[in-house]
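> Predicted structure and sequence below. I'll ask about it afterward.
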Amino acid sequence: MKSTRAFYVYILALFLVRTDATRVSVASRFSVPAGWTLEKDPASHEPVEFTVLLKQQNLDVLDRKFNEVSDPSHPSYGKFMTLEQVNTLTSPSKEAFNSVSSWLSNFPNTKLSFGPDFIKVRANNRIASKILGAPFKTHKNSATGEVLLRAHGRITIPSHLKKYVDFVAGASELFVSSPQATFTMPNLDTKEGLSGKYAGGAKNDILITPDVLREFYKVPKELVASNPKNLQGIAAFDDFFSKGAYDQFKRNYQVPDVNITVFGEDCLPDCDEGESDLDLQYITAMGPGVDTFFVKQSASFWVLQFVTEVMTMKRIPLVFSISYGWAELGQCTIAKEVCSKLGYSAQQYVERTNTGFKKLAAMGVSVLVSDGDDGAASLGGATGNCPIDSSRYCLNGGCEHNSSKCAAISVKNSDFNGTCWVPMGLGSDACETILQDENQFNTALKQFYKSNSKCRGQLEQDSRMQYHIYSECSCDDMIPSTSDGLTISGYKFNPSEADVFVADFPASSPFITSVGATQFISKDGKNVEKEVVASISTGSTITTGGGFSKFQQMPEYQRKAVESWRQSSISSMASPSYTFNSTFRGYPDISFNGHNYAVVISTRSAPTCPCKEIPVDGTSASAPALAGLISLLNDEALNAGKTQLGFLNPLLYRMAEEYPEAFNDITEGDNKCNRAYCCKYGYEASKGWDPASGLGTPNFEQIRRYVKKIKGF
């Protein structure tokens, strides 16, 4: 199984604050975040790269164009802008480019490259430090050993450039590996491939192959794309596919050959592989005959980097699938505390990224994003402040017990203003800070259990190495104890202490199509009895995400559907109203099977085989598979002389209202669990749109019929 790879984004202080008469601050860091240490100062010749993002123009016009070309009821529907038109419309002024480039050109041995709205700077450490007025230092992640060269101190630019610069990206962010890939792989060391009580490949589980998906979702077997203008793409971050595995998958499932064009370097065997294998294999299998771009980037400034640099491509795919995400407010560190002190809002990062998505939509690009594998409450980037449902204890198996009267504890440190909730909050900023010293925590935990010996407390691990808290006493009956600076007590839910739910980004963006996961339930391993929300409580190794954004406004296209859900009785049963704000953007928009996919991977994380087939779960199976089907719809439209579908959501919500038979309504299951624990709160599937399954899953033949009617062919 591929465990969650936590990453931390530290994009600091984007407000331009005056520091002296000649320079203004654009970012700053004066302390090292939890989980990171400063190492030996880098050599002066070490290479540094960062990007100056310039302020864009005419964003109000872009917004209008985006809405017009995406709305099936508007006369301009489908009349998409070209790449050149979008860049011309939004590009910063010549004065902005000239002024900023003139400043940067004053520094020797500096290489500048220009994009539609940015200037990328490459220099050595000594020169880069002079440009930004802050030394670059070596930051090492304690957990992974990864090393990044990032600015430390106050980053500044000349004050007269304030009116031209939005912010500087790539100089202060700290990422660990790739942002969270939303899928779960089995442990290759196990004989069966998967382990655990509810692992994929169980006796009555249907192994998902391209043929199974086509049959269930009513996709004609003979439908193969043929239009040369059609193009689809995969976005990957520090991850790459094995060509040997891809070739074997094609042979196994008779997938037609297509042109695969790679942007970025093959990083195998020094990077992850499984996510990209899954994405490429299923977008090409479900969108047969469509040429595919594989766009691999480093995680320098993550999805913002993707939407920024994709605008420099000469040809952009009509469909993109993104299988990565993280906590919406986790685009910066501890948004409620650290970022506010620096004058930074995570909204600035999100809004610049959303502008990038809006540009793609204005050009007719469909972007599908997996909505996360850790339910409504999330995991890793989540606070952990969600009461665990002890009746669904240790569902992955491997624990000595199957229930606990107190399944969580609170840990406080006198030197830190925050709480670490174990186990739901493990991986959060608070837990990373409080639990830095493993020996300190172990000592304090032993003391806590000693003080509550009658409760027979125990720290257990499940088959996927996730921790669980066992107790024969209720949390209220457990006596708090303090040892070595840590105070531990039984968990008591207080919603005012921290957010209960954490929305994923970019899945929560109003300008992409958010895709959730379902699973097939079978009694004989061959026939589908029903389709339900994917959850560890029903046998999946993941739980689909979903919920509401913390600050992104609800788009008009989904207002009627969400309002219908709000008026239903099921919405009041989901969670207390104070745990979410249903006036903000709700997601997912649509779902697709995401359980027990047959995926071929290299056993050595290499471009070549030997390879093996394994079962994989994840919303990142759902997104590329569905993206392939969208490419098939695009192909028919292009062959009929029409334009592609473009931004899907206005079409999907109108379709659900006018032609509900286009969707398989998912009415069973919930997303109250993540991939290890089940919270008492979350969202349940219900009739119509809901925050667990969106509008449901596609009936391709009916969607095809509706699209032909709307497009007029």
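Done, it's in.
> in the lengthiest helix in the chain, what's buried?
Determined from DSSP state H, the single longest helix within the chain is helix 619-639. For helix 619-639, burial by neighbour count (16 or more other Cβ atoms under 10 Å) applies to 619-638. (Glycine included, C-beta is placed from N, CA and C.)
> can you list contacts of the helix or strand containing L368?
Secondary structure assignment for L368, by DSSP states H and E: strand 366-370. By Cβ atoms under 8 Å, 6 or more residues apart in numbering, the residues outside strand 366-370 that reach it are 182-183, 318-325, 357, 360-361, 506-507, 509, 511-515, 517, 594, 618-620, 622-624, 626-627, 630, 634, 644-648.
> tell me the angle of that strand relative to helix 619-639?
With axes from the mean of the first three to the mean of the last three Cα atoms, to 10 degrees as the basis, strand 366-370 and helix 619-639 are set at 170 degrees to each other.
> Quick one: list the elements packing against the helix or strand following strand 366-370.
As assigned by DSSP H and E, the chain's next helix or strand after strand 366-370 is strand 409-413. Strand 409-413 sits against strand 419-422, helix 429-434, helix 438-451, strand 486-490, with contacts defined as 3 or more Cβ pairs under 8 Å, 6 or more residues apart in numbering; DSSP states H and E.
> and strand 409-413, what's its mean pLDDT?
Taken as a whole, strand 409-413 has a mean pLDDT of 95.
> residues in contact with that strand?
Strand 409-413 is contacted from outside by 418-422, 431, 433-435, 441, 444, 448, 469, 475, 478, 485-492, using Cβ under 8 Å, 6+ apart.
> Show the buried residues in those residues.
Using 16+ other Cβ under 10 Å as the burial test, these include 418-422, 431, 433-435, 441, 444, 448, 469, 475, 478, 486-491 as buried.
> Quick one: the helices in the stretch 551-700 of the chain, in order.
Assigned by DSSP state H, counting those that start in this stretch, the stretch 551-700 of the chain shows helices spanning 559-567, 569-574, 619-639, 649-658, 700-711.
> where among these is the average confidence lowest?
The minimum mean pLDDT among the helices of the stretch 551-700 of the chain belongs to helix 569-574 (a mean of 64).
> so where's the chain shaky on pLDDT?
Where the chain drops to pLDDT under 70, the residues are 1-21, 175-203, 299, 329-345, 381, 569, 571-574.
> residues near E613, how many?
Neighbour count for E613, taken as other Cβ atoms under 10 Å: 16.
> beta partners for it?
Counting by DSSP bridges, E613 forms beta bridges with V600.
> thought it was touching A598?
Yes. Using Cβ atoms under 8 Å, E613 is in contact with A598, at 5.5 Å.
> Can you pull the phi/psi pair for G35?
When read as degrees, to the nearest 10, the backbone of G35 gives phi 90, psi 0.
> quick one: the most centrally placed residue in the chain from A623, how far?
Among the residues of the chain, the one closest to the centroid is G325, at 1.1 Å (Cα atoms, centre = their mean). Separation of G325 from A623 (Cβ to Cβ, to the nearest Å): 10 Å.
> Any idea what L148 is bridged to?
Beta-bridge partners recorded for L148 (DSSP bridges): H139.
> can you pull out the strands in the stretch 1-150 of the chain?
Taking DSSP state E, counting those that start in this stretch as the criterion, the stretch 1-150 of the chain contains strands spanning 17-18, 23-29, 36-38, 47-54, 111-114, 118-124, 136-141, 147-151.
> follow-up on the earlier one: just put the helices of the stretch 551-700 of the chain in JSON lines and tack on distance to Y217.
Output for the helices of the stretch 551-700 of the chain, formatted as JSON lines (distance: least, Cβ to Cβ, whole Å):
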{"stretch": "helix 559-567", "distance to Y217": "21"}
{"stretch": "helix 569-574", "distance to Y217": "25"}
{"stretch": "helix 619-639", "distance to Y217": "7"}
{"stretch": "helix 649-658", "distance to Y217": "15"}
{"stretch": "helix 700-711", "distance to Y217": "5"}
